[in-house]
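Asks: got a predicted structure plus its sequence, pasted below:
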Amino acid sequence: MKDSQKKISGKWFLVVFLLAASCVFSQQHNFTKYSVKEGIQSQVSCITQDSRGYMWIGTNNGGVALFDGKTFSYFTKENGLSNNNISAICEDKQGNIWIGTVNSGLDKYDGKKFIHYSMKDSAFTESSSIRNLFCDKKGNLWISTEDAVNIYDGKKFRWFEKTKSLSHRKAFKIFEDSKGNIWFGFKKGKSDGVDKYDGKTITHYKIKDLGSDMVSSFAEDKNGVLWLGRSNYNRSGSSLFFMEEDNFVPFNIGGLLDTLNIYDLIADRKGNLWMGTQGAFKATGFIRKNPSQRTKLNMFIKSGPKIILGKRIEGSENMDTVFMWEHFTKKYGLPDEVIKCVYEDREGNMWFGSNDGVIKYSNDAFVHYGQKEGLSEPVFQICQDKAGIMWTNNTSGLFVFNGDNFIAPDKIFKELGNKNIPSNLFQSKSGDLWLGSEKNGIISYNGEVMKYYTPAEPSRKYSAFPYYEDKSGNIWSRVYGKGVAVMKFSPSDGGKFSFYPDSGSVPFNVSTMIVDKQNSLWFCVANVGLFRYDGKKYTVFTEKNGLDDAGIRNFYEDKWGNLWVTTWADKGLFKYSENKFLAFNSSNGFSDEAVVCILEDKCGNSWFGTDGDGVFKFDGKTFTRYSTKEGLNNNTIMSLVNDDKGNLWAGTNKGINKITLDKNCAVLQIRPLGYNEGFTGIECNTNAAFKDNEGCLWFGTSTVLTKYSPKEDLTNSIPPQINLTGISLFYEKTAWENFSDSISSWSLLPADLSLPHNKNHLTFNFIGISHRSPQNVHYCFKMEGMDTAWSKETEKTEITFSNLSPGKYTFKVKARNENNYWSAPIAFSFEIQYPWYRTWGAYAGYVIGFFSILFGFNGVRTKQLKIRQQELEKTVKERTTELEEQKLVVEEKNKEVLDSIRYASRIQRALITSEKYIHKTLNKINNQSKK
């Protein structure tokens, strides 16, 4: 074996070291620009955020834009502004918005209307230009104009009583420090320093190197250090000064800040110092100074902000004093390089006013490398060598990052110039990189030394592609050459090369390989089949062994020693056991879709990403599926990678997903990240995911290579600012002053709303303002008086309640941000009146009427009964008389009848007696006759 070894010289290694350290500078950062396309005037002059969460953006000749994270609304002269040329915006403690204009004085917006102040009793006239507005901790509004400094205490305007003690009355910038001191910076040529007002006296601080330039801005960092920026129109000396031992001294880094024109300067809550600048050279755009961020090219503060450049001091206890400057220009993603104002909102997002609109910068969680950085083709493979240099692989070949761009490796490593490096890259477990060659051999690089290995037999001609490292540290390569399919290189065995097979009995073009726990070599030959070599013989596996498809995509051996095989077809998954392949598909808990990627988590569970059916977790016994139903942004899993905390990341064709695992690897949460969160590449490439030495994750996409820094992606613990923005009746805009005597400011909603019973179809509009990720704000609501539980989460910002029954209601709504931090609910109470016939008065009338009718009916009935009784009595009396008369008649008739009967009876008795006599007589005669 021939071993040609070349060491990188110390000088060259330092260059590589510095270039690696400067990687942070050459990247496309995530800036979101809002400009003419969104309807906002392009030249932005000032920015502030009110207590309701809205961003107020002042423009030159475009009035004021109001932004809720999703939509813009506008105020111009047509809406009551005195001038569309805005110079300053400030909110007071009462929530009023004060707007300074150019040449037209001061306006106040109280949530309902604009109020213009002519300042006739103040130091400037109605045509005065406002330069600066500032509200101090006591609630006083400070106003600097072309003429003087004014104060508004909430009741009246007055001249600043110490105006005559100032260096000049034309103060350009007013600032309050943490101790309550008020600082004044002056216009160009009006002062040789700055003034401080401590509440009693004015103290002047002369700044030696200020010259005649204007002091444009002040800032105080978290350590209490006061900074100021100047215009530097003369382009001489540093534009940045800091206070040290009661003096302002220039701050510079090797001329970096010379010639800069600093428009604005602020210190954010993290301790970073931000400057809005204009100028040329490498410091154009704006610069961020981060005292706590570490980098290989260190800048240490020893006594005050004095910076030492050089190698990081090992074991330093003062890492919080490390300075690192980042230069943002168009080259690194900044849309415009003239930054007039800088503002930090309540969530820590940075806003920049430019000549091309307003720009939002959330963090450096995502940075991108694309065509501008030399990557004209999609990246499919990513590695980092031991020196920290990034390597990539795409269809155009291998590329190495040189600090500015990705370039071919032979342009950095001259010893590779004649090796014809193929587009193949492999990294061993030790971190060494292995490169193939088209001229017999392979190359290793450990970050310092490159070694070129060639087999002893010069007759072998092949192209090698290092692909796999077995448990013994042997490097296996796919080989294209006569009679060879696989090559093994054994570093521990004196660099010995072994070839499989060595007779040409197996066709070429090996697609994938693995060495299992029995040290058997498995490899797949495209369009032929699956082979196993046990050291003595080759075995071919086909459908007879349970393998439905010979097109092997990947091998994987889990912690239990199971060998898993995936295919290109939609056949699911295969596990090798006892000389057979057992299929896993929808019939036994898995999927019928093809497996694209495989990964083992910190607990030893296996995760399988499928082509359209989500990701499956295998714990050694059962499969558990996770899909869009559980929160993934897409079911086509293109890549899987672990982060430093043991969480799993799944790349899809709609972005990436963070799968948070607990200590037992149970899924706690799935958080999707896409374009709105800064992952602009969107569509991930197959298995193009990598974790670097710093814990950053890299993803190759269809358009860019994206780096994700978990340390930069801080949890947003600030819940959305929820606002009720409107209520409408029957879907129409409603004049609420017709229903209420009092209309609240800002929301313009009625107080103590009471609606007629037929005005019972209401639509509520609301917005939860979270500028970090406005597209991921979700809401829950409920209508007390009708609902007992909160609604399901929704992204909609309106809800309609139709045909509400009469009664008292309270509408409540709350919002959460992308990290599940919920706001406190806001509430709006109202009443739907009962119809007149369902009021208590009506019910009382009903009762009184009922009893009145009842009593009336009873009286009438009683009277009627009495009359009836009298009539009955009369009738009875009359009938009684008639009966008595009839009785007499009857009695008389009865007497007559009785008399007749008696008379007849007498006659009868007489007749009977006569009859008996006759019969007796006749009998006697008869008897006598017989005789």
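Replies: Arrived safely.

Asks: so how many other residues sit close to residue 568?
Replies: Per other CB atoms under 10 Å, the neighbour tally for residue 568 reads 17. All C-beta spots, glycine's among them, are computed from the backbone N, C-alpha and C.

Asks: tell me how far it lies from residue 580.
Replies: 21 Å (CB to CB, to the nearest Å).

Asks: in stretch 556-575, which residues are buried?
Replies: 556-558, 562-568, 570-575 (16 or more other CB atoms under 10 Å).

Asks: strands - which of these land there?
Replies: 556, 557, 563, 564, 565, 566, 567, 573, 574, 575 (DSSP state E).

Asks: lowest-confidence entry in those?
Replies: Lowest in pLDDT among these is residue 567, which has 85.

Asks: isn't that one right up against residue 541?
Replies: No. In this structure, residue 567 is not within contact of residue 541 by CB atoms under 8 Å, at 11.8 Å.

Asks: what is in contact with these two at once?
Replies: residue 547 (CB atoms under 8 Å, 6 or more residues apart in numbering).

Asks: shaky segments in the stretch 251-400 of the chain?
Replies: Residues of the stretch 251-400 of the chain meeting the criterion pLDDT under 70: 253-256, 278-325.

Asks: helix or strand: which one has residue 659?
Replies: For residue 659, the element it lies in under DSSP states H and E is strand 655-661.

Asks: redo the ones in strands among the buried residues of stretch 556-575 as CSV? Include distance to residue 897.
Replies: Shown next, in CSV, are those (distance: CB to CB, whole Å):
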residue, distance to residue 897
556, 136
557, 139
563, 138
564, 133
565, 136
566, 133
567, 133
573, 128
574, 132
575, 131
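
Asks: buried ones in stretch 773-791, by neighbour count?
Replies: For stretch 773-791, by 16+ other CB under 10 Å, it's 773, 774, 776, 777, 778, 779, 780, 781, 782, 783, 785.

Asks: picking that back up, now for the ones in strands among the buried residues of stretch 556-575, which pair is the farthest apart?
Replies: Pairwise distances across these (CB to CB) peak at 16.8 Å, for the pair 557 and 567.

Asks: quick revisit: what is the nearest of the buried residues of stretch 556-575 to residue 737?
Replies: For the buried residues of stretch 556-575, the nearest to residue 737 is residue 570 (64.8 Å; CB to CB).

Asks: that closest one and residue 596 touch, don't they?
Replies: No. Residue 570 lies out of contact with residue 596 (CB under 8 Å); the separation is 11.3 Å.

Asks: now do the shared contacts for the two.
Replies: With CB under 8 Å, 6+ apart, residue 570 and residue 596 have common neighbours residue 611.

Asks: which stretches of this protein form helices?
Replies: Counting by DSSP state H, the chain has helices at residues 10-21, 840-930.

Asks: where among those is average confidence lowest?
Replies: For the helices of the chain, the weakest mean pLDDT is recorded on helix 10-21, namely a mean of 33.

Asks: by mean pLDDT, point me to the weakest helix or strand of this protein.
Replies: helix 10-21 (a mean of 33; mean pLDDT, DSSP states H and E).

Asks: and the closest residue to residue 205 other than its chain neighbours, what does it touch?
Replies: Spatially, and ignoring its direct neighbours in sequence, residue 205 is nearest to residue 193 (4.8 Å; CB to CB, 6 or more residues apart in numbering). Taking CB under 8 Å, 6+ apart, we find residue 193 in contact with 167, 204, 205, 206, 207, 210, 248.

Asks: the fourth one and residue 826, how far apart?
Replies: Spelled out, it's residue 206. From residue 206 to residue 826 the distance is 52 Å (CB to CB).

Asks: could you do the third one as well?
Replies: As defined by CB to CB, residue 205 lies at a distance of 47 Å from residue 826.

Asks: between those two, which has more neighbouring residues?
Replies: The neighbour comparison of residue 205 against residue 826 (other CB under 10 Å) goes to residue 205, with 20 against 17.

Asks: any idea how far residue 214 is from that one?
Replies: Counting by CB to CB - residue 205 and residue 214 are separated by 15 Å.

Asks: could you do residue 627 as well?
Replies: Taking CB to CB, one finds residue 627 at 60 Å from residue 214.

Asks: of these two, which one has the most company?
Replies: Shown here are residue 627 and residue 214; by other CB under 10 Å, residue 214 has more neighbours (23 against 18).

Asks: would you agree that one is in contact with residue 185?
Replies: Yes. The criterion here is CB under 8 Å, and residue 214 meets it with residue 185 at 7.2 Å.

Asks: list residues touching both of these two?
Replies: With CB under 8 Å, 6+ apart as the test, residue 214 and residue 185 both reach residue 172.

Asks: I figured residue 651 hits residue 689, correct?
Replies: Yes. Taking CB under 8 Å as the definition, residue 651 is a contact partner of residue 689 at 5.6 Å.

Asks: give me the common contacts of the two.
Replies: With CB under 8 Å, 6+ apart, residue 651 and residue 689 have common neighbours 639, 640, 641, 699.

Asks: quick check: closest non-adjacent residue to residue 533.
Replies: Residue 533 sits nearest to residue 521 (CB to CB, 6+ apart), 4.3 Å away.

Asks: could you give the bridge partners of that neighbour?
Replies: residue 515, residue 533 (DSSP bridges).

Asks: that one - how many residues pack around it?
Replies: Counted with other CB under 10 Å, residue 521 comes out at 20.

Asks: same thing with residue 836?
Replies: When neighbours are counted by other CB under 10 Å, residue 836 comes out with 10.

Asks: now for it: which residues touch it?
Replies: Here residue 836 is in contact with residue 842 (CB under 8 Å, 6+ apart).
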